[in-house]
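Engineer: Build me a structure from this.
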Amino acid sequence: MTTMKKFHYWIVCSGLLVGAGAAHAQLKVEISGVGSNQIPIAIAAFADESVAPAQMSAIIKADLERSGAFKVIDAGATLSETSEINYAQWKAKGADALVVGSVQRLADGRFDVRYKLFDTIKSGQLSALGLAAAPQFTRLSAHKIADDIYLKLTGARGAFATRIAYVTQSGREYRLEVADADGEGIQVALRSNEPIISPSWAPDGTKVAYVSFEKKKPVVYVQNLVTRARTVVANEKGSNSAPSWSPDGSRLAVALSRDGHTQVYIVNADGSGLRRLSNSNGIDTEPQFSADGASIYFTSDRSGGPQIYRMGVDGGEAKRVTFGGNYNISPRIASDGKTLAYISRRDGFQLYALDLASGQETRLSDSGSDESPSFSPNGKYIMYATAAGGRKSLAVVSVDGKVKQRLSTQAGTIKEPTWGPFMK
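Structural biologist: Numbering: from 1, shown residues only. Prediction:
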């Protein structure tokens, strides 16, 4: 098989690798590495938090620890948002910030969660929130508090209250699953006896596009996660693959082989208005909209081997973007448009990030079998699929490579991750 045939086969079929065992268990999160400038923070147990289905302080603590940006100090105390704060005491314990709060069951069955964030250095309050949530959304309340803490102390928006989607396989069953960013709260969006690949979140977080082989060929669908209604977006002759959304959610870029070899097209989200963008003699695939929607990044072999290019959203001349290594695929762009993530084949298939302004490359993984990168909506982390350590799992790495996480199941195959947007 020639290099380019291998490349095309990998692009279309990488999601078809079989795995054994069940994957119904919750995702297990393992953390390694920490940020270079961790913020020491104490998180007190919330007053009366045992009345809620989820322990607020424990979830907040886990979120902040997982980010690598915080050094969590054991508070060893229960403090509500109305407690008197001895700033000198907490400063002496080494905490630059303190989190306190309470939980109360309301008459209508909801839970009222209140929290405050204090700056122990300046001896003042930094933030406060009050959230009322149904029992099934108490974990979300904790994630929102963690997001608020992350924003107030780092200046960047937190992504703990977002969701992820991925594909699992158990025997002959494929499942498109949606979970919280910490791997909890798993819901099955689609079950099929045929492969599911390339899920992609809509910008509003209510829909996911993906490729299903249930018609014995790859077809692009959009599924509403609320109503579960599905729309066929691309079912042309040949292969229909690699959907990605425009920033405004009105269109998708797709890779179709309807006219022979695979090229990049744009189609409206309802399946209308199909229009071809690329026009090369090679394979053009894996399109991704730029952060501002003005350009399309895509993978092409027009230079002899797979590299990443960029062209205008209306087509036209394509400019090569990657030059390090002779095999670069799967482009993903950060929300600020400054960083490109991709998979490069050097010592195996590894995750790289490219600073588009300076051209500086950074290798972010140490494994040799990575695929399907996806940025967190705040651009601080990248999730990807890997087979490191002999087991298939999802991994998360900070864009500077210092903080690493692994999300795995006890058995089965988990792959094709995509990180959802900030919820409105």
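
Engineer: In a strand, residue 351, correct?
Structural biologist: Yes. Assessed with DSSP: H, G, I helix; E, B strand; the rest coil, residue 351 lies in a strand.

Engineer: do you know how far residue 232 is from residue 209?
Structural biologist: Look at residue 232 and residue 209: by CB to CB, to the nearest Å, they are 11 Å apart. The C-beta positions use only the backbone N, C-alpha and C, and glycine is treated the same way.

Engineer: Sorry, slip of the keys, the one I care about is residue 89.
Structural biologist: Distance, residue 89 to residue 209, by CB to CB: 52 Å.

Engineer: what about these two, which has more around it?
Structural biologist: Taking other CB atoms under 10 Å, residue 89 and residue 209 do not tie; residue 209 has more neighbours (24 against 12).

Engineer: For residue 134, list the residues it contacts.
Structural biologist: By CB atoms under 8 Å, 6 or more residues apart in numbering, residue 134 lies in contact with 109, 110, 111.

Engineer: out of those residues, which are buried?
Structural biologist: Buried subset of the contacts of residue 134 (neighbour count, 16 or more other CB atoms under 10 Å): 110, 111.

Engineer: List just the nearest of the contacts of residue 134 to residue 66.
Structural biologist: Looking at the contacts of residue 134 and their distance to residue 66, the nearest is residue 111, at 23.3 Å (CB to CB).

Engineer: hey, what's in contact with both of residue 232 and residue 209?
Structural biologist: Shared contacts of residue 232 and residue 209 (CB under 8 Å, 6+ apart): 220, 221.

Engineer: neighbours around the nearest residue to residue 391 once chain neighbours are set aside, how many?
Structural biologist: Nearest residue to residue 391, sequence neighbours excluded (CB to CB, 6 or more residues apart in numbering): residue 408, at 6.4 Å. Counted with other CB under 10 Å, the neighbours of residue 408 add up to 21.

Engineer: so what pLDDT did residue 408 get?
Structural biologist: What the model reports for residue 408 is a pLDDT of 71.

Engineer: now do the one 10 residues further on
Structural biologist: Reported pLDDT at residue 418 in the predicted model: 97.

Engineer: That one looks like it's in a strand, true?
Structural biologist: Yes. Under three-state DSSP, residue 418 falls within a strand.

Engineer: Go ahead and confirm residue 44 touches residue 102.
Structural biologist: No. Using CB atoms under 8 Å, residue 44 is not in contact with residue 102, being 10.3 Å away.

Engineer: which stretches of this protein have low pLDDT?
Structural biologist: In the predicted model of the chain, residues 1-36, 388-390, 409-412 satisfy pLDDT under 70.

Engineer: And the helices in it, which stretches?
Structural biologist: 3-13, 56-67, 87-92, 138-154 (DSSP state H).

Engineer: tell me the angle the second one makes with helix 138-154.
Structural biologist: Our comparison of helix 56-67 with helix 138-154, counting by axes from the mean of the first three to the mean of the last three CA atoms, to 10 degrees, yields an angle of 50 degrees.

Engineer: Who are the packing partners of helix 56-67?
Structural biologist: Helices and strands touching helix 56-67, as assessed by 3 or more CB pairs under 8 Å, 6 or more residues apart in numbering; DSSP states H and E, comprise strand 28-32, strand 39-45, strand 70-78, strand 97-105, helix 138-154.

Engineer: Distance-wise, check the closest residue to residue 97 other than its chain neighbours relative to residue 67.
Structural biologist: Excluding its sequence neighbours, the residue lying closest to residue 97 (CB to CB, 6+ apart) is residue 41, at 4.4 Å. Distance, residue 41 to residue 67, using CB to CB: 11 Å.

Engineer: what's the answer for residue 228, then?
Structural biologist: Residue 228 sits 33 Å away from residue 67 when distances are taken as CB to CB.

Engineer: Tell me how many other residues surround the closest residue to residue 64 other than its chain neighbours.
Structural biologist: Among residues not flanking residue 64 along the chain, residue 70 sits closest, at 4.2 Å (CB to CB, 6+ apart). Residue 70 has 25 neighbours, counted by other CB under 10 Å.
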